[in-house]
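Trainee: Any chance you can model this:
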Amino acid sequence: MTTLVPTVKLTPEQITFFHENGYLSLPSITTEAELALMREAYDRIFAQQAGRAEGNQFDLAGTDAEDKAAALPQILDPAKYAPELKDTLARTNALALARQLLGDEAEGQFDHAIFKPAWHGAPTPWHQDEAYADPNQVYRYLSVWMPLQAVNEANGCMQFIPGTHRLDVLPHQSIHNDPRIHGLEVAAEVDVSHPAICPLPAGGATLHLNDTLHYTAPNHSDHPRRALIMMFGVPPRTREELGLPPRRFPWQEVRHTAREERARSTQSRSSRR
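Mentor: Predicted coordinates for the structure are as follows:
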């Protein structure tokens, strides 16, 4: 297997901007040829609803009913279903960038893909990624969000509230306060009237920390919006070992989704084999 070498390196000014604002935008982390291969794989697994039976494909913004078109389809661990998404220049560059920003301990932690269908792809509401995580852990990770086509406000580019990475996890709730919906939205009063809006060419990327508030608008274009998200971080530590008080994320405790039911069913079947 060919060992890929990073082709992108951050400047001191970019590193300072990231740590001051909690996000960064870059024009390119891959090549046109690689993007074409990645789009083909991406579209194939979404057309197949790959991973649905095990709970890895689901509607992030809806109740995930079998007889209803998904408003915001998502696939967890997409390289499991399309291995060509794994060993890429994009991932090589993303890891190198994460290590520049978080240190050499940073490793890949989690990937997912979010698809906004043409004309009716739902918004991804304002939220912090850590609101999805284990409240008993202390985290430091970032997400590298890469569009597979050009993005702007009309089709759902990333938007951030600078400086919110310094906040603790704010109160969240399921979208529309419906516990059947997997996706979360911030449920606290936050001024989002002056976001940093980050249009990108295909193969560009934004990077943001685990507590940076972010949002993407609905897709009002006549083409689908494809985004691949690669997450990298240093090993988490428990709040107990750091002498921090316990915390709860009550929005996780009340959530009950079809996706979770499918995942539990698959795990139960596997354990009986």
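Trainee: What about S25? Give its phi and psi, please.
Mentor: Main-chain torsions, S25, degrees, to the nearest 10: phi -120, psi 130.
Trainee: contacting residues for the closest residue to it other than its chain neighbours?
Mentor: Taking Cβ to Cβ, 6 or more residues apart in numbering as the measure, S25 lies nearest to C198, with 4.4 Å between them; neighbours along the chain are not counted. Bear in mind the C-beta positions are built from the backbone N, C-alpha and C, glycine included. Going by Cβ atoms under 8 Å, 6 or more residues apart in numbering, C198 touches 23, 25, 157-160, 206.
Trainee: how much space between C198 and A36?
Mentor: If you measure C198 against A36 using Cβ to Cβ, to the nearest Å, the figure is 23 Å.
Trainee: Over to A53?
Mentor: As it turns out, when the distance is counted by Cβ to Cβ, A53 lies 29 Å from A36.
Trainee: ditto for S28
Mentor: In this structure, S28 and A36 are separated by 14 Å, where distance is defined by Cβ to Cβ.
Trainee: what does L228 give?
Mentor: Taken as Cβ to Cβ, the spacing of L228 relative to A36 amounts to 14 Å.
Trainee: out of these two, which sits in the busier spot?
Mentor: When neighbours are counted by other Cβ atoms under 10 Å, L228 and A36 differ, and L228 comes out ahead with 27 against 11.
Trainee: For the stretch 151-273 of the chain, which residues score under the pLDDT cut-off?
Mentor: For the stretch 151-273 of the chain, residues meeting the criterion pLDDT under 70 lie at 268-273.
Trainee: which residue ranges form the strands in it?
Mentor: Counting by DSSP state E, counting those that start in this stretch, the stretch 151-273 of the chain forms strands over residues 158-160, 172-174, 184-186, 196-198, 205-209, 214-216, 225-233, 237-238, given from the N-terminal end onward.
Trainee: among those, which is nearest V254?
Mentor: strand 172-174 (7.8 Å; Cβ to Cβ).
Trainee: Give me the sheet partners of that closest one and which way each runs.
Mentor: Neighbouring strands of strand 172-174 in its sheet, by DSSP bridges, are strand 184-186 (antiparallel).
Trainee: so how far is the partner strand off the chain centroid?
Mentor: How far strand 184-186 lies from its chain's middle: 14 Å, per Cα atoms, centre = their mean, to the nearest Å.
Trainee: For the residue nearest the centre of the chain, list the residues it contacts.
Mentor: For the chain, the residue lying nearest the average C-alpha position, counting by Cα atoms, centre = their mean, turns out to be I229 (4.7 Å). By Cβ under 8 Å, 6+ apart, the contact list for I229 reads 111-114, 143-146.
Trainee: is it in a bridge, and if so with what?
Mentor: Residues in beta-bridge contact with I229 (DSSP bridges): H112, W145.
Trainee: State the distance from it to I114.
Mentor: Between I229 and I114 the distance, using Cβ to Cβ, works out to 7 Å.
Trainee: re the thing from before, among the contacts of I229, name the buried ones.
Mentor: Among those, those buried by neighbour count (16 or more other Cβ atoms under 10 Å) are 111-114, 143-146.
Trainee: now those as CSV including pLDDT and distance to H220?
Mentor: As requested, the buried ones among the contacts of I229 are exported to CSV (pLDDT from 0 to 100; distance: Cβ to Cβ, whole Å):
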residue, pLDDT, distance to H220
D111, 98, 27
H112, 98, 23
A113, 98, 21
I114, 98, 16
S143, 98, 24
V144, 98, 25
W145, 99, 19
M146, 98, 21
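Trainee: Kindly reformat those residues as CSV containing distance to G243.
Mentor: As requested, those are exported to CSV (distance: Cβ to Cβ, whole Å):
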residue, distance to G243
D111, 32
H112, 33
A113, 38
I114, 37
S143, 28
V144, 32
W145, 33
M146, 37
